[in-house]
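Colleague: let me see the structure of the following:
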Amino acid sequence: MKISLCMITWNEEDLIARALASAEGLADEIILVDTGSRDNTVALAESLGAKIITGADRYHKANARNQAIEASQGDWVVILDADEEIADPVGLRAFLLATDADAVYIRLAFMQGDAPTLTYSQMRIWRRDAFRYKYRAHEVPVPTDGWGKIEHTDFVWEHRPPRERAWKVAYTLARLEIDAWENPGDPRPLYYLGRQYVYAGIFESALDTLAKYIELAPKGRDVANAWQYLGRAHGGLGDEDQQIAALFQACAANPARRDWWGELAAIYHNRGQDDTAVGLLRCALEIEAPEKDYATYYWHGSAIYDLMARCLWKLQRYEEGEEFAEAALELEPDSGRLQTNLLWFQSQLGSMDAFYKLHGPGIHSGCARHEAIAELVEGPRILDVGCGSGDLLMILQDRYCRPRDGFELTGTDISKVALDMARERGFRGKLDLQIPYEAYDTIVMAQVLEHIPNDRDFVSALLSRLVPNGKLIVSVPNNGRIPAADHKRDYTVQSLRDVLSIVGTPELHSWSGEENRILMSVRKHATPQG
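Modeller: Just a heads-up that it's a prediction; the model follows:
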């Protein structure tokens, strides 16, 4: 059994060797029809064993392909483009030698690096004389004498065009306009022509052409796609309401594709209507990637989970959003943006490691509140509960750590990341993940109490670590501030007084700064109250 590889080319010297190499182990002959190359394509292909036919019409791809097919001698015809590679040529040959099919579909995969961004099935292989191509652009094989037995396979053609192909938009548009003129009443050229108008930014023509396609083929296989491109044309003209209406028509025509649901959700998210976007995305997530139809990996990859996470962030539904942010990162683990997005959720939900990874060391450096706290501190033994990356400790170390007996600074925090940052910044005191069972002259608790489930019990526990007449200094967010997801409460001046009264009589302090915070200190009674 003989297998013929049939190709057409135009200025493909950068690609042709790679394409021909991918057919090694499959093809017994290579028939290449050139449509007027002005580079080294023909000589290079000939040197690699291809039989060359020149003089074909560059503006009629079907005729050029048919020339190659008619010149072939094989029992099987295999169609390959110069910007494609056959992933498993040896396996494909073994399959063709064994199958009783008359024509074979493969998966065409548009590649970005080693990952596909779009795949779909396309007939590229058939028995000799079973099919010929039709149309100048987006040509399609049609049977010469009935369809015969068709088999769909998972053999892959990997499509990797060169980056610079701006010429192709106008070239394809010109051929499609001729196709539509030569085939009046045929809806297929109209669909591709309307789509090409969208690519070219000729939106008014796109609207007219796609509407004609839908009128001629109201139940055609590309109707949902046509509505999608109609929507993009409306969007290009600035009519977002019509874009939304067209995308909903696409959903109605083919609800089993994520693309339209995802595009709609993105529009509603940009409008600030995140509840609607979340509902649309939930519909999209019910749809599995198709095995034979178009599968756009954008909406079957990280993008859908990323968009859902961003919508839920806007809605302050942080626990749900964290799950989707994790799912997005799992699918694209090297994305710095997705790593950062997940940290924002984790930080909002109380992960101090995430907070400090986001903000880095010294996030509160130069904070007026810390300067005010430093003025209230009495030594020599000082404990900073929730010290973070050491912003207050660094002030105290610079101001008070002169050589003298017994002076000691200690910081505790639940974040090992923050403590490591404090060490890297040059803090020389003690750092611990647990509050030590030692006695202190001053205990500072800045932006901690609002995170504690039982604030009175926590203050009582700290009270046991204060020396007689020792001082507790506390700052918390002021009332009126929307609390973060991990805040257990928001304080007023009075509610903070009530909590600290178990230590002694609180004193309210102020400082020069823009932060909306309450700052109090309280000295330990000889006999604690309440």
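
Colleague: just the pLDDT for S365.
Modeller: On pLDDT, S365 comes in at 75.

Colleague: and G426, how close does it get to L393?
Modeller: 10 Å (Cβ to Cβ, to the nearest Å). Where you see a C-beta, it was placed from the backbone N, CA and C, and this is true even at glycine.

Colleague: next one: D259
Modeller: On the measure of Cβ to Cβ, D259 and L393 end up 53 Å apart.

Colleague: the more surrounded of these two?
Modeller: Legend: neighbour count by other Cβ atoms under 10 Å for D259 and L393, higher for L393 (26 against 22).

Colleague: contacts only, for the more buried one.
Modeller: 384, 387, 409, 411, 422, 427, 429 (Cβ atoms under 8 Å, 6 or more residues apart in numbering).

Colleague: of these, which is the most crowded?
Modeller: With neighbours taken as other Cβ under 10 Å, the top of the contacts of L393 is D384, carrying 30 neighbours.

Colleague: what pairs with the host helix or strand of it, parallel or antiparallel?
Modeller: Counting by DSSP states H and E, the element that carries D384 is strand 381-385. Applying DSSP bridges to the sheet, strand 381-385 is found paired with strand 408-412 (parallel), strand 440-446 (parallel).

Colleague: turn the contacts of L393 into JSON lines, columns for pLDDT and distance to L207.
Modeller: Below are the contacts of L393 laid out as JSON lines (pLDDT from 0 to 100; distance: Cβ to Cβ, whole Å):
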{"residue": "D384", "pLDDT": "97", "distance to L207": "65"}
{"residue": "C387", "pLDDT": "94", "distance to L207": "62"}
{"residue": "L409", "pLDDT": "94", "distance to L207": "71"}
{"residue": "G411", "pLDDT": "96", "distance to L207": "65"}
{"residue": "A422", "pLDDT": "94", "distance to L207": "62"}
{"residue": "F427", "pLDDT": "93", "distance to L207": "65"}
{"residue": "G429", "pLDDT": "91", "distance to L207": "70"}
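
Colleague: thinking again about what came up before, mind putting the strands paired with strand 381-385 in CSV, distance to L466 included?
Modeller: Formatted as CSV, those follow (distance: least, Cβ to Cβ, whole Å):
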stretch, distance to L466
strand 408-412, 13
strand 440-446, 6
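
Colleague: just name the most buried of those strands.
Modeller: strand 440-446 (a mean of 23; mean count of other Cβ atoms under 10 Å).

Colleague: average pLDDT for that strand?
Modeller: 95.

Colleague: do the same with stretch 136-143
Modeller: The average pLDDT within stretch 136-143 is 97.

Colleague: now it: how far from the chain's centre is it?
Modeller: Between the centre of stretch 136-143 and the centre of its chain there are 35 Å (Cα atoms, centre = their mean, to the nearest Å).

Colleague: for that stretch, buried residues please.
Modeller: Neighbour counts using 16 or more other Cβ atoms under 10 Å place 136-139, 141 of stretch 136-143 among the buried residues.

Colleague: now the nearest residue to D28 once chain neighbours are set aside: how far from M123?
Modeller: Once flanking residues are discounted, D28 sits nearest to K2: 4.6 Å by Cβ to Cβ, 6 or more residues apart in numbering. Between K2 and M123 the distance is 20 Å, computed by Cβ to Cβ.

Colleague: those two - which one has more neighbours?
Modeller: Using other Cβ under 10 Å as the criterion, K2 and M123 rank with M123 on top: 15 against 12.

Colleague: so where is the stretch 351-500 of the chain shaky, pLDDT-wise?
Modeller: For the stretch 351-500 of the chain, the stretches with pLDDT under 70 are 400-406, 479-484.

Colleague: mind redoing it with 90?
Modeller: 351-352, 355-356, 359-371, 379-380, 398-407, 447, 451, 453, 477-492 (pLDDT under 90).

Colleague: my read is D306 is in a helix, agree?
Modeller: Yes. Counting by DSSP: H, G, I helix; E, B strand; the rest coil, D306 falls inside a helix.

Colleague: quick one: it and E330 touch, right?
Modeller: No. The criterion here is Cβ atoms under 8 Å, and D306 misses it with E330 at 11.3 Å.

Colleague: the more surrounded of the two?
Modeller: Between D306 and E330, counted using other Cβ under 10 Å, the more crowded position is D306 (21 against 12).

Colleague: that one and T99, how far apart?
Modeller: Counting by Cβ to Cβ, the gap from D306 to T99 is 42 Å.

Colleague: what helix or strand does the spatially most central residue of the chain sit in?
Modeller: Among the residues of the chain, the one closest to the centroid is A303, at 3.7 Å (Cα atoms, centre = their mean). Assessed by DSSP H and E, A303 sits inside helix 302-314.

Colleague: number of residues surrounding the residue nearest to the residue nearest to the centre of the chain when sequence neighbours are not counted?
Modeller: Among residues not flanking A303 along the chain, G262 sits closest, at 7.2 Å (Cβ to Cβ, 6+ apart). Neighbours of G262 under the rule other Cβ under 10 Å: 25.

Colleague: E319 too?
Modeller: 11.

Colleague: now the helix or strand hosting it and helix 302-314, what's the angle there?
Modeller: Following DSSP H and E, one finds E319 within helix 318-331. Counting by axes from the mean of the first three to the mean of the last three Cα atoms, to 10 degrees, helix 318-331 points 160 degrees away from the direction of helix 302-314.

Colleague: against which helices or strands is helix 318-331 packed?
Modeller: helix 302-314, helix 336-348 (3 or more Cβ pairs under 8 Å, 6 or more residues apart in numbering; DSSP states H and E).

Colleague: tell me the buried residues in the first one?
Modeller: Using 16+ other Cβ under 10 Å as the test for burial, helix 302-314 gives 302-313.

Colleague: again, but for stretch 495-505
Modeller: Neighbour counts over stretch 495-505 (16+ other Cβ under 10 Å) mark 496-497, 499-504 as buried.

Colleague: ditto for stretch 364-379
Modeller: Buried, per 16+ other Cβ under 10 Å, within stretch 364-379: 364, 367, 369-370, 372-374, 376-377, 379.

Colleague: between the residues you listed, which is nearest I30?
Modeller: Closest approach to I30 among these (Cβ to Cβ): H364, at 69.1 Å.

Colleague: specify the local secondary structure of the closest one.
Modeller: Classification of H364 by three-state DSSP places it in coil.

Colleague: do I have it right that it meets D391?
Modeller: Yes. Counting by Cβ under 8 Å, D391 is a contact partner of H364 at 4.2 Å.

Colleague: shared neighbours, these two?
Modeller: Shared contacts of H364 and D391, counting by Cβ under 8 Å, 6+ apart, come down to H370.

Colleague: okay, strands next: where are they in the stretch 151-300 of the chain?
Modeller: All strands of the stretch 151-300 of the chain, identified by DSSP state E, counting those that start in this stretch, fall at 295-296.

Colleague: low pLDDT regions in it?
Modeller: Flagging of the stretch 151-300 of the chain using pLDDT under 90 yields the residue ranges 161-168, 220-221, 288-298.

Colleague: what do you get if the cut-off is 80, keeping everything else the same?
Modeller: Confidence mapping of the stretch 151-300 of the chain against pLDDT under 80 gives the ranges 162-166, 290-296.

Colleague: quick one: the helices in it?
Modeller: For the stretch 151-300 of the chain, the helices defined by DSSP state H, counting those that start in this stretch occupy 167-182, 187-200, 203-216, 223-236, 240-253, 258-270, 274-285.
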